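In: Here is a sequence together with a model predicted from it:
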Amino acid sequence: MKLYNESDHGTPAKKATSEVKLSVDGRVVSVPAGTSVMRAAAIAGIGVPKLCATESLEAFGSCRMCLVEIEGRNGTPASCTTPAAEGMVVHTQNERLKKLRRGVMELYISDHPLDCLTCSANGDCELQDMAGAVGLREVRYGYDGENHLKAKKDESNPYFTFDPSKCIVCSRCVRACDETQGTLALTIQGRGFGSTVSASQNQSFLESECVSCGACIKACPTATLMEKSVIDIGLPEHSVITTCAYCGVGCTFKAEMRGEEVVRMVPFDDGKANQGHSCVKGRFAWGYTTHKERVLKPMIRAKVTDPWQEVSWERAITHAASEIRRLQEAHGRGAVGGITSSRCTNEETFLVQKLVRAAFGNNNVDTCARVCHSPTGYGLKTTFGTSAGTQDFESVEHADVIMVIGANPTDGHPVFASRMKRRLRAGAKLIVIDPRRIDLVRTPHVEASHHLALQPGTNVAVLTGLAHVIVSEGLANEAFIRERCDFDEYLQWAEFVKRPEYSPEAVEKVSGVPAETLRGAARLYASGGNGAIYYGLGVTEHSQGSTAVMAIANLAMATGNLGRPGVGVNPLRGQNNVQGSCDMGSFPHELVGYRHVSDAAVRAIFDKAWGVKVDPEPGLRISNMIDSALEGSFKGIYIQGEDILQSDPNTKHIAAGLGAMECVIVHDLFLNETASYAHVFLPGSTFLEKDGTFTNAERRIQLVRKVMTPRNGYADWEITQLLSNALGYPMHYAHPSEIMDEIARTTPTFTGVSFDKLDRLGSIQWPCNDRAPEGTPVMHVGSFVRGKGRFVLTEFVPTDEKTGPRFPLLLTTGRILTQYNVGAQTRRTANEVWHPEDRLEIHPFDAEERGVKDGDWVKLASRSGETTLRAQVTDRVAPGVVYTTFHHPSTQANVVTSEYADWATSCPEYKVTAVQVSPTREPAEWQTQYARMSADQRKLAEPSK
Amino acid sequence: MGEPMNEAWRPKALVFTKDWNTKNGHSLEVYRASGGYKALEKALKMAEAEIIDEVTRSNIRGRGGAGFPVGKKWSFVPRQSTKPKYVCVNADESEPGTFKDRYIMERSPHMLIEGTAIACKSVGAHQAFIYIRGEFGLAYTRLQSAVDEAYAAGLLGQNVMGSGYKLDVVVHRGAGAYICGEETGLLESLEGKKGQPRLKPPFPAVEGLFGCPTIINNVESLAGVPAIITHGADWFKGLSRSAAEGGTKLIAVSGHVARPGVYELPGGLTLKEIIYDVCGGMRDPNKPLKAVIPGGSSCQIVKPGQLEVCFDFDAMRTVGSLMGTGCPMVIEEGTCMVRLLTRIVRFYAHESCGQCTPCREGADWLYKMLRRIEAGEGKLEDIDKLDQVASKIEGHTICALGEATAWPTRSYVKAFRDEFVRHVTEKCCPFGEIPVTTRAMTGAIV
């Protein structure tokens, strides 16, 4: 094991059709035209001294360390800013250059503390390296006079410090914030010798606009910006490449370790999804893995009011297995089920559904993807033939018009958002369809051409309205449609969208989007070049979620925006492995690879592989399980890595359902909210403690590598395997790679996938088989997976959730950058500093009408229930719309959400709830009751700790 | 003092100063009465190439200090580019000792506007920006009023002089940074960014303001253009005695001469003629000339024995200096050169933008060492260190501000080394001067 250091060629790689050949110190090297002399030298194996240059940033030319001599040219040009040219003869080292570099280094060191031995960057400092490289032996200027040695440290950020005394003003942090992250929170304040790095308007890092993505720290060549964990622990001694376990972007990280202790997580430059970038969650918020509240010993209890009893793994597993068998004997084979997790690995998810189908003997398996992207699976499979996004992330770099619908990338998918913003800064146009003014609508150097601030629940009207404009103004790409789609279906669809109820004026009445804005957006998307659609849960979590996904697919087909880079229909996946958990057969009606259980040929494969008869009838969905529990026919459940009580809609209904079951097995890191209703608790392992794979939003399968021994004793896949064996269905996997081998053997889209190949290629985008041995970055090239693209009529049917005199406002929900979903992890990190509570965003008009001021406590009530939280008065939301996040169990935003769901997939309608808001002084009744119960539950776990 | 003896320096005709002695000389009325905007009228009917050719043949060279041929610069703008093209006027006259452009803007603002309009026509630009130094009060008022007058008279706007040519001119005030007089720093500032020079290439003619082809000219360079178009390139060229450059030149003399001020002179006079004939010699007959800073404080010092040299872009190089902005500062005996250099270096250290290291760190260390020497606290080795540090700056920075610090330092140390030595050995200023300042360098310095 060693510390993995990526090579830094100093300036970014250039793509060019032609090459130039040059000689550097006598070595001849050929590089793409436009490549810097510095990079060419690096490729030739010659390291030109540098400080302000780094491969991830454009050349800046400020440190003047990299000066070289070029035959036939005057002076000593900077190698980072000079493009290589044909026949150039470069000398990087001679007496004159040596003197020059030493002179510059002497100037640097004359204003730098000489405390190398006690410095946190000792051994990992480019300034130190360069001082050595140029042979600096003395500093003659002395330290008299003004300098920066006593500059005050800024330790306000929980994760890193800023020590200006060590700053060499290379601007790498400022440029990383500009170019890599795109927040532009940093600047060089002052000028000349008084130049200093400053966050926002000379604020502390915590108060500033900084989003703690860590790009500046990675870029800093000295100890000026440094992780506090490195200051505490010291430098790492080895590193392991792994995949982040937060959102669906799937960033590759180097877990930099000292023994079994994580020193820091550093984004990996060769990571295909993140290209060396990160966000505050993946980079810093991993403290939950060692949080004191993590449960490490299995526990059981007879009743949910009993205290938890710590038991051995053997006892817990045997108990759980006997309970499942008891319930099945008493109530039938279908009385139990399981829920897989989008947080766990593909292999673990595969095992849980295999456990249900083979060991439980039914198809009662569902996943948390049910409540987020199940309409994506349904909609895209129906129209294109594949339940997945069409592009890779790289595609956005070729987009000319980017349409973001019901997604908030800068908060939800920050690393991809940075890439998108880079493209937008380079000139791509932006259309945002969202009830709320998300940051992307207007952010430094990015502004949406059109923001369609629609009423929640009117997506289908607006999307069909866009189609109306495209078709009736003759903007459809008929050549593409004739070649690639079913033309008769298209004609039918065209007639349908041309109906007067989808005219911009009619849509304006329904959605509140001005007719001209709708027209402008439609024209731009249809005729602005490569049009790419990115969407999120604002599309899917509706009673017409699947319809909206198909309406999006229709738009892309009608305009020919499919089948090449720069276009496509791209769902932004919420969780690290939501794509994977769907791929792995987590749904009650589908086996691995989206193959229906009723298909005898498919079942035959698994019957043979698993040695059982797979049930041909689809099983129960989560909502059916809860309903059946209340009816008394469903009695036991195994839930891996999901907190359905907090994340699923209509909390009270879920609580009642769980309460009606006789054996709830919760397998999780923490005693989560669902565990309050559990009888068996199996401690889970974190992503740092196991091997496996995650599949991100671009279908990219990436390796998760174990960096430490599971603190709970077992990786999650081992626990499922123990349970299966105890149930009498043997599983004998020695390593997750064997599980992947089984997936590959049984699934045509995964035939070519193996851990060895993943290790070799870094990642693979499925489908990966004989036709695409290294995977498929862009889908539907040449033809659709289903053959001809299918246009589906998308009639707008308003949701039954309607405002009225009692509940006059519409509530919609979302996420915030620093917290993640129900917060089980991020609430157990210092991220709490930024977002310690959920707040209700309300428009000043609505607030004033109700006598609500910013920061006041308000009661949020719907037909389902009520909760209290503090108000944030803002015009980000339109009048009539309120918005909140759902990260904190104390808020229980889902107490309020309704039981309405997508007609096709039962994905809950989180995004539209009719509510009333009123000032209050006390928590809602449910909150008080729940808080009491939650506290009791935690007490019940205490004695055994 | 009496009238100077030799009148041979008087120009054959006045270009820049012709209206300066007329009442309301800055007004459109006076300007038009003396033939103003005739050149623009003519240029609007000329082909682009014709205008550029005329300007090129006149041999007018950039008068901001670098002396780049004006017509040649215009010819670099790519004709085939579909991007908008811009003309930027560098009116950020900030070089210490230089005060000629300000006079043009205060006294003949329309001449600048007309020249700018012709430049726009020659490259197909429909938008010009005049970036004027923020501290200029009267110049700004006069210029803005003149632009307003020109719009009202149909000389600017949607239909320039009825020709159908569209041209807008915006006067933009700077916010007080020397670096914004550097052409790419100016562009950054104009784009609303921090004033810092850009890496070149690409050069502004190809990729300038907002990434579009842009020409940037000094005020005086553009103010000379109307006369070239009206009277022809040969007439203009004939106003100069020097082959190096055509036309008359505004020479702004300051320092210890009898009659400092702005003079319009034929190109190619010697420094001796300028100081003794034009400006009436030294102000105090008992204090002979000690040195001349020829064209702005960044130029290398010239000593009394070098005054016979022709004051043009080429000849000045033969004595190791530059014509620069063409505004000599004359220094009499008894002046402390260490103090002078300290003052100059303080300026450049303060104005360093901080982008590249040699200038940011080096200029400050030069200033610190100079302050020590000046205060009598220096060491002999500090004197050599001055030259060493300056040599690390010179030629190694992104823009020419590095040279502006290094050139005077190296040349003063070389030319007046004895004065530096005396400061060290006598542990005080031999001229009895009080040190420049003891204020802190970090942050604001006064």
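Out: Arrived safely.
In: Return the residues in contact with A:Trp286.
Out: A:262, A:265, A:688, A:829 (CB atoms under 8 Å, 6 or more residues apart in numbering or on different chains). Yep, even glycine has a C-beta here, placed from its N, CA and C like the rest.
In: Quick check: phi and psi at it.
Out: phi -110, psi 10 (degrees, to the nearest 10).
In: Residue 362 sits in which helix or strand?
Out: Picking chain A for this. When secondary structure is defined by DSSP states H and E, A:Asn362 falls outside every helix and strand.
In: that answer is for a different chain, and I need it for chain B
Out: helix B:357-374.
In: on that earlier part again, which ones among the contacts of A:Trp286 lie within strands?
Out: Among those, the ones falling in strands (DSSP state E) are A:262, A:265.
In: Nearest to A:Ala479, out of the contacts of A:Trp286: which one, please.
Out: A:Met265 (48.2 Å; CB to CB).
In: just for the chain, where's the confidence low?
Out: With no chain named, the answer covers chain A. A:1, A:142-144, A:943-945 (pLDDT under 70).
In: hmm, I had chain B in mind actually
Out: B:1-6, B:436-446.
In: which two from the contacts of A:Trp286 end up farthest apart in space?
Out: The farthest-apart pair in the contacts of A:Trp286, when distances are taken by CB to CB, is A:Leu688 and A:Thr829, at 13.9 Å.
In: can you tell me which strand in chain B is longest?
Out: strand B:248-255.
In: List the contacts of that one.
Out: B:11, B:13-17, B:63, B:97-100, B:103-104, B:220, B:239-240, B:260-267, B:269, B:274-275, B:278-279, B:293, B:311, B:325-332.
In: Please name every helix or strand in contact with the helix or strand following it.
Out: Scanning forward in sequence from strand B:248-255 by DSSP H and E, the next helix or strand is strand B:261-266. If contacts are counted by 3 or more CB pairs under 8 Å, 6 or more residues apart in numbering or on different chains; DSSP states H and E, strand B:261-266 sits against strand B:248-255.
In: Pull the contacting residues for the closest residue to chain A within the stretch 151-300 of chain B.
Out: Closest residue of the stretch 151-300 of chain B to chain A, CB to the nearest CB: B:Leu199 (4.8 Å). Neighbouring residues of B:Leu199 by CB under 8 Å, 6+ apart: A:59-61, A:81, B:398.
In: That one belongs to a strand?
Out: No: counting by DSSP: H, G, I helix; E, B strand; the rest coil, one finds B:Leu199 to be coil, located in no strand.
In: B:Ala252 bridge partners, please.
Out: Under DSSP bridges, the beta-bridge partners of B:Ala252 are B:Val262.
In: What subset of the contacts of A:Trp286 is buried?
Out: A:262, A:265, A:688, A:829 (16 or more other CB atoms under 10 Å in any protein chain shown).
In: is any part of the following helix or strand past the helix holding B:Gly362 close to chain A?
Out: Using DSSP H and E, the helix or strand that directly follows helix B:357-374 along the chain is helix B:380-393. Yes: contact of helix B:380-393 with chain A (CB under 8 Å from any CB of the partner chain) involves B:385, B:388-389, B:391-392.
In: Make a markdown table out of those and add distance to A:Val352.
Out: Putting these into a markdown table (distance: CB to CB, whole Å) gives the following:
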| residue | distance to A:Val352 |
| --- | --- |
| B:Lys385 | 73 |
| B:Gln388 | 72 |
| B:Val389 | 69 |
| B:Ser391 | 72 |
| B:Lys392 | 66 |
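In: Chain A: which of these is nearest?
Out: Nearest member of the residues of helix B:380-393 next to chain A to chain A, counting by CB to the nearest CB, is B:Lys392, at 3.8 Å.
In: With adjacent residues omitted, what lies nearest to that closest one?
Out: Ranked by CB to CB, 6 or more residues apart in numbering or on different chains and with sequence neighbours excluded, the top spatial neighbour of B:Lys392 is A:Gly103, at 3.8 Å.
In: a strand runs through that neighbour, doesn't it?
Out: No: under the criterion used here (three-state DSSP), A:Gly103 is helix, not part of a strand.
In: Is A:Ile637 bridged to anything, and to what?
Out: So, taking DSSP bridges as the rule, A:Ile637 has A:Gly337, A:Val664 as bridge partners.
In: Now do the same contact list for it.
Out: A:336-339, A:625, A:658, A:661, A:663-665.
In: May I ask which of those has the most neighbours?
Out: Neighbour counts for those (other CB atoms under 10 Å in any protein chain shown) peak at A:Gly338, which has 30 neighbours.
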